[in-house]
Structure formats: structure tokens, C-alpha cells
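1. what follows is a predicted protein model with its sequence.
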Amino acid sequence: MLIAALGSAAAEIPVSAPVYGPAEFIQFHPQVASDGDNFLVIWSDLRGSAFSNLYATRVSASGEVLDKTNIRVASRIASATVLWTGRAYLVLIQNGTGLSVARLDREGRVVSPATPLPIQGAFLSEAQQAAASNGSRVVIVYTRPGGGQFAAVLDPDGQLLESEIAIGSGTSSRLIVASNGSGFLVVRHDQTLDTDPITAIRLDATGHPIDTTPLSIGFGRFPSVASDGGGYVILTAPPSSLASDNAVRTTHVGSDGSVGPLTNTPLVGHPDGATSLAWLGSEYVALLYVVSQSQPVVQGLRLNADGNATSAPFAVSQRGEAVALASNGRRAYSAWTEAGADGSNSDVMGRVLAPTPAADAVRLDTAASSQRRPAGAYDGTTFLTAWEETQNDISQPRVYIGRVTPAGIRLDGSGIRVSNADAVQRDPHVVYDRTRFVVGWEEGEAIHLRRVAKDGSFIDASPIAIPNACYSGDFDMATDDGLTVITWIDCESHQVLAIRFDDATATFPDHEPLLLAHPGDNSPLRPRIAFGFDIALIVWEESVSVPAVPEPTSQSDVRGVTVYVPGMLLLEDPFDIAVTEDDERSPAVAWDNQEFLVTYADAVGINGRYVDPFGPLLTDTRVATGAGYDNPSVVWDGVEFVVAFNAGGDVFASRVRRRSDSTVVEGKFALAASSDVEAEPAVVLMGTGRVGFLYDRVATEPLYGGVPRVFLRLLENVAPRPRPKR
């Protein structure tokens, strides 16, 4: 493979120091447990992934968040619940393949990762109170796909002791369970009937039924249950027929199976979601999701041992939903989710109750800001890197830059914003013209540029917008001896356009952009450009409609055009580079001082095609073979072409060189292949035989908290060889 580390810098280098804030995107379904002192809050989380992952944090009895960037417990989960067994926290997880159990110690360490249980069953999606512990046994309640309601019994370490204990019939009931320290009470809400009947069944200390017929509790929705060490209190919202009632219902169930009267307690608004209940040692506290004047709020309620309210409802949060609660025997910790003003994001919030609020609400989901879409250039001593960065709201990225030395020293801390505008900023690009850097990015529907000196200072007082550029989707830029060419897709006409920028004077020599291609009904995407002395090759992906039965489909082809840059003249009409019956997509292009290599993804993997500077197609070469390979990036390092690409959540590279009239490929090697997801590779030329690779990785280590971050890795050719003459 002829690859070796460039000194100690071959290690992964973060391009900026992390800045912390709310985790990106949405968090939901919080659950809480206590070890008798501290609390553990778990929740489902979409940060850094299209899948729901499970995160957790410990909170002290006073409300201090102990795990600042949270604990990643499991990946790709559907729902989960958590409880303390006296030895450890057990997290019961439901995913597409069944039920699993993970174990955490008091310090929040995952001492046993999610391990499948041989149980054919499922919780409901919220999974709230799907398991309970009496100190020696853990009971899980679940339904089976083929019908029936069952209990399974685990030991305190999560080892399965028994399963398939029948506790009822039907598949659509909501099942929850609590323990009084000895036996268990399973509460069932039959969601198939409009009357919303609530029933219960007692289990003994081994998890087997005591009652031969269910106990009739009444009617209601969203039940929760807790025990004072003897009897139980069941809390519900009114049934569907009385859903708008501003009240909550409670019923006491004795350890002997006696059922007390139904009690209605007035609320400010009507409950419309999960309820939660906990015993504080001398009284119960309830947590409720209540809709009040069209505004969802979180309310609390104090109850005595019989379930009767002892005070008026009190406010926990003025907005929120998906409530959860647990007690350490003296005070409780409440958790809920709060959506942003536009509803696009949500966060997990928490607050100590003793039993009324004893501390301010705090945000529990915290991570470093997210970074994506890296770009960079090298000036001979230092990289100038650029990236998109977001905090909490992935629809509002900003573009940052930062200098990094090959030794891994970050010169600009957490990075510098290229623009102070409030508009969305995306898709950064960086070039170096042997004197200065030029950074480009999208802002609104325009392309902006800003020159940066080698010391990292801005040469321009403010960003420079490309005149008459209505930008759509993606763009690219390349430079040669102080002249930068920018190419993009027009947002209205969908034409492929290009314009020159004079790096020294910060002016545009062309009065209007040059029209490179007018694709008509086809849709061009992802233009890419490389200089070959005075010739530039610009390539793009073009989506073409294909007649088909019963409906037309589309496929992507790769096309290109050559331009004489000093006069901004087309050398010929646009020509086909890769046009077959299959998709060819995501082109990239580089120049080796004799010809261009255009790389692109297809159904087989990554392919390459050589193009003469005056347009004729030469030979093609298979760069890498494998399903799902995509997003290539390519440079000529003075010895050979280096191509980086995505492959199954990892980043790889291949080397391509010419020998006489044949192409030699030195096979795929890993740049970043870990249990995390890596993507968006960009290759940066450093000099003969030397390149840097930028990519983003979902950084699951505690320093970052499981969000995408941009990293740099440097590699060099051990034995650079001059290019053979042809």
C-alpha cells in the first residue's frame, strides 16, 4: 500500500475546540430511575444520526448534572425504560429485533452493553414503567406479536430467570408495573375499547399471578402506578369520552387486592399525555402533561398515601410534554421534553421536586456543536479548514474557518465565523493561490467569498457576493496563479454557470457569468472544477428523465465541458463522460499536468475516466469496487491520484497512477473506519506525495457527546516516484 504516517500527525486531528450547548435535533421519551441518592435519566435521541439512539445522564439529589455530554448507552433503539435493582441500573431496550438489556453502575459506566434477551415480545413505544424491581427480582411486562400478555423475570444483574408467564390476553393493552418491595402490581389500559377500562393484577415476589381475575380499577388513559411500600396508587387521565375534563383520577389498591374509590382532582387544564407518579417517603408526587389554554404545560400534584390530593396543582414548567418521574425516597426528579419555538427541535429538561420544585429547570441533553461538510487548503506550512457548524437546530448552520498545523496544533481555538449575518450559511470551499486563501460559501441564495491571509486574518472587511449569482444546491471553485473560477447551478434557469474572481484585487473580470450548459428539462447537480494550466474542466451530475412503465423514472449521468480560462471561452460543447443505463453520480475531478481524471460513483463502486484537456475521452479505470460507495474526492499529489470516498459509514481511499498506457490502482485502504459513522471526505494537497484528509465523524467519546465533528488526518507516500514519461 506504500502508506506511512506523516510523523505523529497521522493521528486524527480535530480542527477546532468544542463549544457546548443543546444537542442537535430532537430528544424524546425521557425516563428516570434512582439508586437511592442520585438519579439516572435516559431518553431517545436523534443527534448525529437518522436513527434513534439511547443517551443518559446522572443527576445529583440537588439537581447537578453529573455527565455533561451524556452517556451513550445504545444505538438504533425503538424505546427503553430504566430501573435500579439495588446493584445496578438496568436499561430495558426495545428495537427492531426484540428486547435487550444493558447495565450501568452508579458512576454511569456501561458495564454491560445492550445484550439481546430471548423474549418474543414488545413494550409500547413509550416503554414507561415496563419493568420494576423488588430488590431481588425484576419483572418485565410485554405483549407478544401473536397475542397475549406476559411477564418475564430477571435477576438484579439482568440475567433472564423465567419468561412467558401469562398475565392476560389481547395485544393492544398498555401494560405498566410497579413493586411495593415484595410483590408487583401490573396495570392494564385496554386501548381497543372506547371506554378505556383500567384493570390490574397482582404478582407475587417471584413474578407469578396472585389474582385469578383482574381487579377492576375504573376507566381512564395514560396510567401510572407507584407504591408506598404497602399498597399502590394508580393515576390516570379521564377516559376518551371525558378527555376534555380538567381533572385527574386516582385509585388506591391495597396489597391484599382491595380497590378504593375513584377520586377526581381538579387541574388547570386537561391531561393529554403520559402521567408519572413517585413516593417520596411521606407522600406521593405526581407529574402531569396538561393542555391549558392551548399551551401544553407540566404540572405537579401532591397526594397522600390513599391517593387524595393534599394541595392545589403547582407548575413545574410552563411548556413541555412526555413527562417522567422517580424518587430517591426523599425527593423526586422530574424530566420532560420541550420543543423549540418552531417545533423542529426538542430538548430534555429536568427539575428536582421536594415535593414542589426545589431547583431551577435545567437542560439535560448537552453536546459539542455539530460540524459537517469539511473543506480545506494547505499553504505549505498550515491548513486553513472550513466547515458547517450548528448547535441544536441543524437547519441553521454557520460556516467557520480554523487553521491547523501538520503537528496538530489548532491556531484558532473554536474557529472563526466567516460572516456575522443571521442567514443560513452552508457548503464551504477553500482554495490557496500561493499568496492567500479564498473561502467561498452559500449564504441565503447567493455565493459569498472572503479572502484570508496566511496568518488567519480576513483581508476583506466583509464578505463579497458574486454578482447576479442565484445559487442553487452546490458549487465549486478552483484557483491558478491568483485567478479563481467559481462554478454553480443557477437557481431559476438551472443553467451551469462560471465566473472569474481576481484574488489580488477582489474583483470580477467578467461582467456576466459564462454559460457552460443549458440542460433543458434535465436537472444538473454538484458541479466540480479543476485547472489544467489555462484549461479548466468543469463536470457535473445531470439527472435525466427515463421513460418507464408504469411511471417515468430518472437516472444520473456525468457530463463536462472544457473552458479556456484567460478568455473564458468554451472549447467545445458539453460532452458525456459517463452515460449508461445505470446511475453515475457525485463527480470529482483533478489534473496531473497532462490529463484530467474524473471520478464518480456508480452501481459497482467508484470509477474514473481520463479526459484530455481539449475534451476527448481517454481510458477509464475502476478505482474501488463495492456496494454503496459514494461521494468521491480526488487530488493529484505529484506522484499519483489519491481518491477518498464514503463506504458503509467509513471513509476509505485509493491510489491511481499511470504506467505507460496502462492504469495501476493500489487498492482501497482505510482512512477512518471505526464503530462511529464517518462521512464527507475531502482530500487536500500538501505537496509531492503528501495529502491531508478531512472528514466528519459522529464522535461518540464524552468530549463531544455523539455529534458529527470534523477531523483531519495526514498521510504520505513512503517512496515517492516521479511520474513515468509516456
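-> Received the coordinates, thanks.
2. do a quick rundown of the strands in the stretch 401-550 of the chain.
-> Counting by DSSP state E, counting those that start in this stretch, the stretch 401-550 of the chain has strands at residues 416-417, 425-432, 437-443, 446-452, 464-465, 471-480, 483-490, 496-502, 514-517, 523-532, 535-546.
3. please identify the most buried of those.
-> Among the strands of the stretch 401-550 of the chain, strand 437-443 has the highest mean neighbour count (mean count of other C-beta atoms under 10 Å), at a mean of 25. Every residue, glycine included, has its C-beta placed from N, CA and C.
4. show me the strands paired with that one, marking each as parallel or antiparallel.
-> Here strand 437-443 has these sheet partners by DSSP bridges: strand 425-432 (antiparallel), strand 446-452 (antiparallel).
5. quickly note the distance from residue 160 to residue 684.
-> Counting by C-beta to C-beta, to the nearest Å, the gap from residue 160 to residue 684 is 52 Å.
6. can you pick out the residue with more neighbours from the two?
-> residue 684 (23 against 16; other C-beta atoms under 10 Å).
7. so what's the model's average confidence on stretch 231-240?
-> Taken as a whole, stretch 231-240 has a mean pLDDT of 95.
8. about what we covered before: now the strands of the stretch 401-550 of the chain as CSV including distance to residue 374?
-> Listed next are the strands of the stretch 401-550 of the chain as CSV, based on distance: least, C-beta to C-beta, whole Å:
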stretch, distance to residue 374
strand 416-417, 15
strand 425-432, 8
strand 437-443, 13
strand 446-452, 16
strand 464-465, 22
strand 471-480, 15
strand 483-490, 19
strand 496-502, 22
strand 514-517, 27
strand 523-532, 16
strand 535-546, 20
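9. and the strands paired with strand 437-443 as TSV, adding distance to residue 303 and mean pLDDT?
-> Converted to TSV, the strands paired with strand 437-443 look like this (distance: least, C-beta to C-beta, whole Å; pLDDT from 0 to 100):
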stretch	distance to residue 303	mean pLDDT
strand 425-432	52	96
strand 446-452	60	96
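10. tell me where the stretch 51-200 of the chain has strands.
-> Assigned by DSSP E, counting those that start in this stretch, the stretch 51-200 of the chain shows strands spanning 53-59, 71-74, 79-84, 89-95, 98-104, 110-116, 131-133, 138-143, 149-154, 160-168, 173-179, 184-190, 197-203.
11. residue 520: which of those strands is closest?
-> With distances scored as C-beta to C-beta, the stretch of the strands of the stretch 51-200 of the chain nearest to residue 520 is strand 53-59 (44.1 Å).
12. among the strands of the stretch 401-550 of the chain, which is nearest residue 175?
-> strand 425-432 (46.3 Å).
13. dump the C-alpha coordinates for the closest one into PDB.
-> Backbone C-alpha positions of strand 425-432 (Å, rounded to 0.1, in the frame of the first residue of the first chain) are rendered in PDB as follows:
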ATOM      1  CA  GLN A 425     -24.600  29.500   5.700                       C
ATOM      2  CA  ARG A 426     -23.600  26.300   4.000                       C
ATOM      3  CA  ASP A 427     -21.300  24.400   1.800                       C
ATOM      4  CA  PRO A 428     -17.800  25.900   2.400                       C
ATOM      5  CA  HIS A 429     -14.900  25.700  -0.100                       C
ATOM      6  CA  VAL A 430     -11.300  26.800   0.300                       C
ATOM      7  CA  VAL A 431      -8.500  27.400  -2.200                       C
ATOM      8  CA  TYR A 432      -5.000  28.700  -1.900                       C
END
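14. would you mind confirming that residue 602 is in contact with residue 586?
-> No: using C-beta atoms under 8 Å as the test, residue 602 is too far from residue 586 to be in contact (9.6 Å).
15. of these two, who's got more company?
-> residue 586 (23 against 19).
16. dump the residue contacts of the more buried one.
-> Residues in contact with residue 586 (C-beta atoms under 8 Å, 6 or more residues apart in numbering) are 526, 541, 600, 601, 630, 631, 632.
17. distance of it relative to residue 629?
-> 10 Å.
18. which residues do those two both contact?
-> Here residue 586 and residue 629 share the contacting residues residue 601, scored by C-beta under 8 Å, 6+ apart.
19. between the strands of the stretch 401-550 of the chain, which gets nearest to residue 707?
-> The nearest among the strands of the stretch 401-550 of the chain, by C-beta to C-beta, is strand 425-432 at 17.3 Å.
20. residue 358 reaches residue 331, doesn't it?
-> Yes: using C-beta under 8 Å, residue 358 is in contact with residue 331, at 6.5 Å.
21. what do the two both touch?
-> residue 352.
22. neighbour count for the two, which is higher?
-> Regarding residue 358 and residue 331, a neighbour count based on other C-beta under 10 Å identifies residue 331 as having more, with 21 against 14.
23. give me the phi and psi for the more buried one.
-> With angles defined as degrees, to the nearest 10, residue 331 sits at phi -150, psi 170.
24. distance from stretch 214-221 to the middle of the chain?
-> How far stretch 214-221 lies from its chain's middle: 40 Å, per C-alpha atoms, centre = their mean, to the nearest Å.
25. need the contact partners of that stretch.
-> Contacts of stretch 214-221 (C-beta under 8 Å, 6+ apart): 168, 187-189, 195-202, 234, 236-240, 243, 249, 251, 253, 257, 259, 262.
26. same question for stretch 178-187.
-> Residues contacting stretch 178-187 (C-beta under 8 Å, 6+ apart): 129, 132-135, 139, 141, 151, 167-168, 175-177, 198-205, 207, 210, 217, 223, 225-232, 234, 253, 255.
27. just the buried residues out of those residues, in PyMOL syntax.
-> A single PyMOL command selects the buried members of these (16 or more other C-beta atoms under 10 Å):
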select buried, resi 129+132+133+134+139+141+151+167+168+175+176+177+198+199+200+201+202+203+207+217+223+225+226+227+228+231+232+234+253+255
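28. that older thread, tabulate the strands paired with strand 437-443 (JSON lines), appending distance to residue 513.
-> Formatted as JSON lines, these follow (distance: least, C-beta to C-beta, whole Å):
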{"stretch": "strand 425-432", "distance to residue 513": "17"}
{"stretch": "strand 446-452", "distance to residue 513": "11"}
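29. ok, which of those comes nearest residue 711?
-> Of those, nearest to residue 711 by C-beta to C-beta is strand 425-432, at 15.7 Å.
30. and the angle for that closest one with strand 483-490?
-> Counting by axes from the mean of the first three to the mean of the last three C-alpha atoms, to 10 degrees, strand 425-432 lies at 160 degrees to strand 483-490.
31. so where is the stretch 501-650 of the chain shaky, pLDDT-wise?
-> Along the stretch 501-650 of the chain, segments meeting pLDDT under 70 span 521, 546-552.
32. what segments of the stretch 551-700 of the chain are strands?
-> 553-564, 569-570, 575-578, 585-591, 596-601, 605-611, 617-625, 630-636, 641-647, 650-659, 662-672, 678-687, 690-699.
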